[in-house]
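Trainee: Return atomic coordinates for the entry below.
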Amino acid sequence: MTSPKTFHVKSFGCQMNVYDGERMAEAMAAAGYAAATSEGDADLVVLNTCHIRERATEKVYSDIGRMRKGRPDRMIAVAGCVAQAEGAEIVRRAKVDVVVGPQAYHNLPQLVADAAKGKAAIDTDMPALSKFGALPARRRVGPSAFLTVQEGCDKFCTYCVVPYTRGAEISRPFAAIVDEAKALVDAGAREITLLGQNVNAWAEGGEDLGSLIRTLDRIPGLARIRYTTSHPNDMTQGLIDAHRDVEKLMPFLHLPVQSGNDRVLRAMNRSHTRDSYLRILDRVRLARPDIALSGDFIVGFPGETEAEFADTLSLVAEVRHAMAFSFKYSPRPGTPAADLPDQVAAEVMVDRLARLQDALGRDQAAFNADTVGNRCTILIERTGKRPGQMLGKSPWLQSVIVEDGPPVGTLLDVEITAAGPNSLTGVPVLARAA
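Mentor: Prediction:
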């Protein structure tokens, strides 16, 4: 096989996959490969996969077939969680050249070189954090950047494959995180989002995520800090206090709950109850009254009754999330829940998801509507669809459209003049220096 000269990384799923995709691209560029302008122009396509949902996994195989049909000579690499979960089965099921798991992607350039020579190119080893030391320095980034601080999960929720595809919870060293954050700011980032499967499980010695955030707060040029995704079990008082004390920490918290019923939560092996979850939110709101809350929900978990689903709807009504993500339960091979009795019928899940999303959508629309007439600072992240139109993010992670806005990377004070279900419209009040 001819060695590829150009590459394209296509990432699916969560923000951590976006970060991993960026780091794979940097590793390939450092090894002398050129980034293609599009997937169609690439000699090598890297599919950076997600294994959380069944449909996402099947989409990977669909993409492989489509790309092989369009250009049979192209090299295809499968990376990420599907690669970790299925390993050599991917090679058997679909014609791919490289398989690399999420803890081994720093070896991608060598695997590509091996595949070009006709050698086996599969690496699904899971060494603890060694990839970060092997990756090249961060290159120029946009105004908002991701930074992985923690990987893996020890929670073993019965529906989830993450402990099997990402491994045990591991925290990156404090000094390495601070150094990468400084490099991102030097490369152009004004906002950094800290990432982890359970990001608030990050710890080193006696330090928690709140301590890390307080240190990052002192980096000159860094204007905003965010983090995701959190677990209720790891919401320390130190982290909650950081929401009160650190101005750069944005007033937004994504804290998945999954269900509002305690029996379902126990069956999911979630370590919180409905009441403990609500009490955490009370403490966070006491520390930061203007905080926007986000969550994750699963409907149709095996054995879920209509009354138990009603408990989820009542929790939603009590919390009033600013935004949320909701899904039908999807059995993942190898997880305990996949073998549970009383699997909920597909049509029941569809109905429950629709009702839940209606409730969540009403709350998001109401939250957005409440911002009309208020002033806030947005970070301009990209251009809009029309000439002169710019898009930014509010402190509460809402998309804000501004006509004739300033350049990307500018912090801009705006007054919110209109609100839709998914975005706001703002008018500049006073632009800050970029």
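
Trainee: I figured Ser230 was touching Gln197, is that so?
Mentor: No. The pair formed by Ser230 and Gln197 falls short of the contact definition of Cβ atoms under 8 Å, at 10.2 Å. Quick note: C-beta positions are derived from backbone N, CA and C, even for glycine.

Trainee: Who has more neighbours out of those two?
Mentor: In terms of neighbours (other Cβ atoms under 10 Å), Gln197 is the more surrounded of Ser230 and Gln197; the figures are 24 against 21.

Trainee: How about the more buried one, nearest residue that isn't a chain neighbour?
Mentor: Nearest in space to Gln197, with sequence neighbours left out and distances taken as Cβ to Cβ, 6 or more residues apart in numbering, is Cys153 at 4.6 Å.

Trainee: Run through the residues that contact that neighbour.
Mentor: Contact partners of Cys153, counting by Cβ atoms under 8 Å, 6 or more residues apart in numbering, are 160, 162-163, 166, 168-169, 197-198.

Trainee: 7 Å instead?
Mentor: Listed by Cβ atoms under 7 Å, 6 or more residues apart in numbering, the contact set of Cys153 reads 162-163, 166, 169, 197-198.

Trainee: Could you list every helix and strand in contact with the helix or strand hosting Ala354?
Mentor: In this structure, Ala354 sits in helix 346-370 according to DSSP states H and E. In terms of contacts (3 or more Cβ pairs under 7 Å, 6 or more residues apart in numbering; DSSP states H and E), helix 346-370 is packed against strand 292-299, helix 306-319, strand 323-328.

Trainee: Tell me which residues are up against the shortest one.
Mentor: To tie it back to what came earlier, the one meant is strand 323-328. Residues outside strand 323-328 that contact it (Cβ under 7 Å, 6+ apart) are 294-300, 349, 353, 356-357, 360, 364.

Trainee: ok, which stretches of this protein are helices?
Mentor: When assigned using DSSP state H, the helices of the chain occupy the ranges 15-30, 54-70, 81-86, 88-93, 108-116, 130-134, 162-165, 174-186, 209-216, 237-245, 262-267, 274-287, 306-319, 346-370.

Trainee: Which of these comes out lowest on mean pLDDT?
Mentor: Ranked on mean pLDDT, the bottom entry among these is helix 130-134, at a mean of 71.

Trainee: what about Met235, how many residues close to it?
Mentor: Counted with other Cβ under 10 Å, the burial measure for Met235 works out to 22 neighbours.

Trainee: dump the residue contacts of it.
Mentor: With contacts taken as Cβ under 7 Å, 6+ apart, Met235 has the following neighbours: 200, 280.

Trainee: Roughly how far does it sit from Ile192?
Mentor: From Met235 over to Ile192 the distance is 20 Å, taken as Cβ to Cβ, to the nearest Å.

Trainee: what residues does stretch 85-101 touch?
Mentor: With Cβ under 7 Å, 6+ apart as the test, stretch 85-101 has contacts from 51, 61, 64-65, 68, 75-79, 83-84, 107-108, 111-112, 115, 121-124, 126, 161, 164-165.

Trainee: Quote the end-to-end distance of it.
Mentor: 8 Å (Cα to Cα, to the nearest Å).

Trainee: to the chain's geometric centre, what's the distance from that stretch?
Mentor: Between the centre of stretch 85-101 and the centre of its chain there are 24 Å (Cα atoms, centre = their mean, to the nearest Å).

Trainee: try stretch 190-199
Mentor: For stretch 190-199, the gap between its own C-alpha mean and the chain's C-alpha mean amounts to 8 Å (Cα atoms, centre = their mean).

Trainee: start the count at 41, not 1, going forward
Mentor: Let's use 41 as the start, then, which means that last one is stretch 230-239.

Trainee: What count of nearby residues applies to the nearest residue to Leu400 once chain neighbours are set aside?
Mentor: Leaving aside its chain neighbours, Leu400 sits nearest to Ala364 (4.7 Å; criterion: Cβ to Cβ, 6+ apart). In terms of burial, Ala364 registers 22 neighbours under the definition other Cβ under 10 Å.

Trainee: before we move on, the earlier item: any chance of the helices and strands packed on helix 386-410 in TSV, plus distance to Leu295?
Mentor: Compiled in TSV, the helices and strands packed on helix 386-410 are given as follows (distance: least, Cβ to Cβ, whole Å):
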stretch	distance to Leu295
strand 332-339	6
helix 346-359	10
strand 363-368	10
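
Trainee: Out of those, the one nearest Arg422 is which?
Mentor: When the helices and strands packed on helix 386-410 are ranked by proximity to Arg422, the top entry is strand 363-368, at 19.4 Å, counting by Cβ to Cβ.

Trainee: quick one on the thing from earlier: return the distance of the residue nearest to Leu400 relative to Phe337.
Mentor: For Ala364 relative to Phe337 (Cβ to Cβ), the value is 6 Å.

Trainee: Please work out which of the helices and strands packed on helix 386-410 is packed deepest.
Mentor: Greatest average neighbour count among those goes to strand 332-339 (a mean of 22), per mean count of other Cβ atoms under 10 Å.

Trainee: which residues does the residue lying closest to Leu355 once chain neighbours are set aside contact?
Mentor: Leaving out its chain neighbours, the residue that sits closest to Leu355 by Cβ to Cβ, 6+ apart is Gly300, at 3.2 Å. Neighbouring residues of Gly300 by Cβ under 7 Å, 6+ apart: 314, 351-352, 354-355.

Trainee: Please save the CA atoms from stretch 307-315 in PDB.
Mentor: This file holds the C-alpha atoms of stretch 307-315, laid out as PDB (Å, rounded to 0.1, in the frame of the first residue of the first chain):
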ATOM      1  CA  ALA A 307     -30.500  -0.500  39.200                       C
ATOM      2  CA  MET A 308     -28.200   1.800  37.100                       C
ATOM      3  CA  ASN A 309     -25.600   1.600  39.900                       C
ATOM      4  CA  ARG A 310     -25.600   5.300  40.300                       C
ATOM      5  CA  SER A 311     -24.200   6.400  43.600                       C
ATOM      6  CA  HIS A 312     -26.700   9.200  44.200                       C
ATOM      7  CA  THR A 313     -30.300   9.400  45.000                       C
ATOM      8  CA  ARG A 314     -32.900  11.800  43.800                       C
ATOM      9  CA  ASP A 315     -32.700  13.700  47.100                       C
END
